[in-house]
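Novice: Fold the following.
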Amino acid sequence: MHKSRVIALVVASIVSTASFAGAQSATPGTVASARAVRVAKVGKGLGGPLRGVKLSAAEKTKIKEIRGSYQPQAKALHESLMPAMQEARAARQKGDTATTRAVLERTKGDREKLRALMERQKADVRAALSPEHQKQFDANVQQASQRRAAMAKKGRGNHGQLAP
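Specialist: I've put the predicted structure just below:
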């Protein structure tokens, strides 16, 4: 009896020590890398449109190819927009709507390019799906559109735009 308590205590202390060590060794990049792992998973990068779709191996491969082909262009656009978006965020936090509007107007072309690129990617992913998966994909896209419309009615969801 006494021996089993000692063993249980040793196991508990080893487990707690390991968890504390793991928590202390976490770096700021850990959260970003964890997100990158989630996004890299097939079906998670597009999030909602592929929710509930059980992809076949061929579909997974095709979607990975599609994402790989669009990723360099999207990354370049994101990186080119990053300084301006940080400037707009800082201006918005200061309450400077004139500067925010100017920055958003200045970046409108690149934001439209990014939006068009994402739409082309979504269309290519949809084309890679089987007909039954396309139905689920379309239903998910429709639901997301309805959620965005409901958010816009409440005065939210106008990302990248300011009310006149």
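
Novice: Mean pLDDT per helix and strand in the chain: which one sits at the bottom?
Specialist: helix 28-40 (a mean of 53; mean pLDDT, DSSP states H and E).

Novice: residues of the very next helix or strand once past that one that come out buried?
Specialist: Following helix 28-40 in sequence order, the next helix or strand is helix 57-94 (DSSP states H and E). For helix 57-94, burial by neighbour count (16 or more other Cβ atoms under 10 Å) applies to 59, 62-63, 66-67, 70, 77, 81, 84, 87-88, 91-92. C-beta: built from backbone N, CA, C; applies to glycine.

Novice: could I get the residues you listed as TSV with distance to residue 154?
Specialist: Below are the buried residues of helix 57-94 laid out as TSV (distance: Cβ to Cβ, whole Å):
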residue	distance to residue 154
59	36
62	38
63	33
66	34
67	32
70	32
77	29
81	26
84	27
87	27
88	22
91	24
92	19
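
Novice: Could you identify the most distant pair in those residues?
Specialist: By the measure Cβ to Cβ, 59 and 91 form the most distant pair in those, at 43.2 Å.

Novice: contact partners of stretch 114-129?
Specialist: The contact list for stretch 114-129 (Cβ atoms under 8 Å, 6 or more residues apart in numbering) reads 46, 49-50, 53, 55, 59, 62-63, 66-67, 70, 73-74, 77-78, 81, 134, 137-138, 141.

Novice: Now do residue 145, the pLDDT please.
Specialist: With respect to pLDDT, residue 145 scores 88.

Novice: Show me the shaky parts of this protein.
Specialist: Low-confidence segments of the chain (pLDDT under 70): 1-4, 6, 8-12, 15-47, 156-164.

Novice: at 90 what do you get?
Specialist: The chain contains residues with pLDDT under 90 at 1-56, 144-164.

Novice: Report the secondary structure state of residue 105.
Specialist: Here residue 105 takes the helix state, with states given by DSSP: H, G, I helix; E, B strand; the rest coil.

Novice: Let me know the distance separating it from residue 88.
Specialist: To residue 88, residue 105 is 10 Å away according to Cβ to Cβ, to the nearest Å.

Novice: Now do the buried residues in stretch 96-112.
Specialist: Across stretch 96-112, burial judged by 16+ other Cβ under 10 Å covers 100-101, 103-104, 107, 111.

Novice: Reformat those as a markdown table; add distance to residue 129.
Specialist: Output for the buried residues of stretch 96-112, formatted as a markdown table (distance: Cβ to Cβ, whole Å):
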| residue | distance to residue 129 |
| --- | --- |
| 100 | 39 |
| 101 | 39 |
| 103 | 38 |
| 104 | 34 |
| 107 | 32 |
| 111 | 27 |
